[in-house]
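Participant: okay, sequence plus prediction incoming.
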Number of protein chains: 2
Amino acid sequence: MTQGTARRRGRRPGGTDTRAALVDAAREVFTEQGYDGATVRSIAARAGVDAAMVNHWFGGKEGLFAEAVLKLPFNPKDVAERLIDGDPDELGERIVRTFITIWDNTGGGVFAALMRSIASHDQAAHALQDFLVKHIVERVLRSLDLPDLEFRATLIATQLMGMGMVRYVAQFEPLASTGADAMVAAVGPTIQRYVNGDIT
Amino acid sequence: MTQGTARRRGRRPGGTDTRAALVDAAREVFTEQGYDGATVRSIAARAGVDAAMVNHWFGGKEGLFAEAVLKLPFNPKDVAERLIDGDPDELGERIVRTFITIWDNTGGGVFAALMRSIASHDQAAHALQDFLVKHIVERVLRSLDLPDLEFRATLIATQLMGMGMVRYVAQFEPLASTGADAMVAAVGPTIQRYVNGDIT
């Protein structure tokens, strides 16, 4: 653990330029080594800062990845924890409301960019698989101890991705302008069934 | 309907070069004037052939559009008619099975190209809205005389688009390799609820 001694430009160890340096280094290292291959240590070393700064600024490797590579407007771990906290039989509704709230607030542009990178088969596609499905959807489902967890997780991904495509990318009406409550009423039961209903 | 007089092989007015000329002309005219603005007459005139050839080769304007602009591997009208034909309470299953069968057969590459053009906001996005939703999904729903037809149609679009994104574009496992029967069991009930279930 020697990277703590490195300094790129004599910057202060905990400042916002440290944060920016970590984002830049993370983009490089994740691109070179993939999500699993990249380590917090190697990213911090590349940025020339102490590895503890990754936890300080991003809560860990996945938060850094979410911001640096996926440019997500939220921290996946926080979202997963908020979703888990509550009645499992209302999880479908909570998932839809959270999804709509987050992406409506970004105007949908960030979601569209994400879908573009999936559709163009760039690295973000695999990143997303490793990430959004495993780090949010599967994590939430794991808290319920269900069979067919991975199939359920990908089914949920189909409905959420499609909802985002129609609402934010293709902007088909009337769905694109439908309010959050009506969307929750319409799509919540679908997600709930994928969470813990009969899918065979 | 005069297309019965056309010859398939002797070339000249009804031959395959007529067909190719119509596809080329259609791409230009649809691009210039949009789906609603373009007429069979104007496309045939641009191709220098009789308007009856459009019916002969493509079954009408929408079949020509589907092939020339969207490059779909099926005729939307035929698909809609096959879907309508049967028990309305099994429509969800039929829709999922038809979707999976068509796109699995193309290896998913055509679907991915379609999503790319939607995600990049090119003209095909609007074309798809005008087309796949209105000419297949809404047409099928119209045969059932239901309330909230357009909202239901766009909800169905969310689930189908998302299923295609996950199965053919992102290729998330295990869903990407799940057989047609299991996909129908899992997703059919979702579509069925969007078709004629309680969505409020």
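Facilitator: Yep, it's here. Since the structure is predicted, the reported quantities are computational estimates derived from the model, not experimental observations.

Participant: which residues touch stretch A:91-107?
Facilitator: A:73-74, A:79, A:82-83, A:86, A:110-111, A:140, A:144, A:156, A:160, A:163-164, A:167-168, A:180, A:183-184, A:187-196 (C-beta atoms under 8 Å, 6 or more residues apart in numbering or on different chains). All C-beta atoms are positioned from the backbone trio N, CA, C, and that covers glycine.

Participant: out of those, which are close to chain B?
Facilitator: A:160, A:163, A:167, A:187, A:189-190, A:193-194 (C-beta under 8 Å from any C-beta of the partner chain).

Participant: okay, those residues in CSV with secondary structure and neighbour count next?
Facilitator: CSV is the format used below for those (DSSP: H, G, I helix; E, B strand; the rest coil; neighbours: other C-beta atoms under 10 Å in any protein chain shown):
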residue, secondary structure, neighbour count
A:Leu160, helix, 26
A:Met163, helix, 28
A:Arg167, helix, 23
A:Val187, helix, 29
A:Pro189, helix, 20
A:Thr190, helix, 28
A:Arg193, helix, 20
A:Tyr194, helix, 28
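
Participant: any buried residues in the helix or strand harbouring A:Ala157, and which?
Facilitator: For A:Ala157, the element it lies in under DSSP states H and E is helix A:149-164. Buried residues in helix A:149-164, counted by 16 or more other C-beta atoms under 10 Å in any protein chain shown: A:150-164.

Participant: angle of it against helix B:149-164?
Facilitator: Put simply, helix A:149-164 runs at 130 degrees to helix B:149-164, going by axes from the mean of the first three to the mean of the last three C-alpha atoms, to 10 degrees.

Participant: may I have helix A:149-164 as PDB, with CA atoms only?
Facilitator: Only the C-alpha atoms of helix A:149-164 are listed here, as PDB (Å, rounded to 0.1, in the frame of the first residue of the first chain):
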ATOM      1  CA  LEU A 149     -33.200 -14.600  -8.700                       C
ATOM      2  CA  GLU A 150     -31.200 -14.000 -11.800                       C
ATOM      3  CA  PHE A 151     -34.100 -14.600 -14.200                       C
ATOM      4  CA  ARG A 152     -36.300 -12.300 -12.100                       C
ATOM      5  CA  ALA A 153     -33.600  -9.700 -12.100                       C
ATOM      6  CA  THR A 154     -33.300  -9.700 -15.900                       C
ATOM      7  CA  LEU A 155     -37.100  -9.700 -16.200                       C
ATOM      8  CA  ILE A 156     -37.300  -6.600 -14.100                       C
ATOM      9  CA  ALA A 157     -34.500  -5.100 -16.300                       C
ATOM     10  CA  THR A 158     -36.700  -5.700 -19.400                       C
ATOM     11  CA  GLN A 159     -39.600  -3.700 -17.900                       C
ATOM     12  CA  LEU A 160     -37.500  -0.900 -16.500                       C
ATOM     13  CA  MET A 161     -35.300  -0.500 -19.600                       C
ATOM     14  CA  GLY A 162     -38.400  -0.600 -21.900                       C
ATOM     15  CA  MET A 163     -40.200   2.000 -19.700                       C
ATOM     16  CA  GLY A 164     -37.200   4.300 -20.000                       C
END
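
Participant: show me where pLDDT drops low in chain A?
Facilitator: A:1-14, A:119-130 (pLDDT under 70).

Participant: what ranges do the helices span in it?
Facilitator: A:16-37, A:40-47, A:52-58, A:61-68, A:76-84, A:91-105, A:109-119, A:123-128, A:139-142, A:149-164, A:180-196 (DSSP state H).

Participant: make a markdown table out of those helices and add distance to B:Ala20.
Facilitator: A markdown table is the format used below for those (distance: least, C-beta to C-beta, whole Å):
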| stretch | distance to B:Ala20 |
| --- | --- |
| helix A:16-37 | 44 |
| helix A:40-47 | 54 |
| helix A:52-58 | 56 |
| helix A:61-68 | 49 |
| helix A:76-84 | 50 |
| helix A:91-105 | 43 |
| helix A:109-119 | 29 |
| helix A:123-128 | 35 |
| helix A:139-142 | 51 |
| helix A:149-164 | 35 |
| helix A:180-196 | 43 |
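
Participant: what's the most buried one of these?
Facilitator: helix A:149-164 (a mean of 24; mean count of other C-beta atoms under 10 Å in any protein chain shown).

Participant: which strands and helices sit next to it?
Facilitator: helix A:91-105, helix A:109-119, helix A:139-142, helix A:180-196, helix B:149-164, helix B:180-196 (3 or more C-beta pairs under 8 Å, 6 or more residues apart in numbering or on different chains; DSSP states H and E).

Participant: which strands or helices does the shortest one pack on?
Facilitator: When you say that, I think you mean helix A:139-142. Going by 3+ C-beta pairs under 8 Å, 6+ apart, helix A:139-142 lies up against helix A:76-84, helix A:149-164.

Participant: contacts only, for the residue of chain A found nearest chain B.
Facilitator: Nearest residue of chain A to chain B: A:Gly162, at 2.3 Å (C-beta to the nearest C-beta). Neighbouring residues of A:Gly162 by C-beta under 8 Å, 6+ apart: B:157-163, B:165.

Participant: can we see that at 7 Å?
Facilitator: B:158-163, B:165 (C-beta atoms under 7 Å, 6 or more residues apart in numbering or on different chains).

Participant: what does A:Gly15 give?
Facilitator: No residues are in contact with A:Gly15 under the rule C-beta under 7 Å, 6+ apart.

Participant: check the one 4 residues further on too.
Facilitator: Contact partners of A:Arg19, counting by C-beta under 7 Å, 6+ apart, are A:Trp57.

Participant: quick one: it from A:Val29, how far?
Facilitator: Shown here: A:Arg19 relative to A:Val29, a distance of 16 Å by C-beta to C-beta, to the nearest Å.

Participant: quick revisit: need the helices and strands packed on helix A:139-142 in a markdown table (columns: distance to A:Thr98).
Facilitator: Below are the helices and strands packed on helix A:139-142 laid out as a markdown table (distance: least, C-beta to C-beta, whole Å):
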| stretch | distance to A:Thr98 |
| --- | --- |
| helix A:76-84 | 6 |
| helix A:149-164 | 10 |
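
Participant: before I go, just wanted to say thanks for your time.
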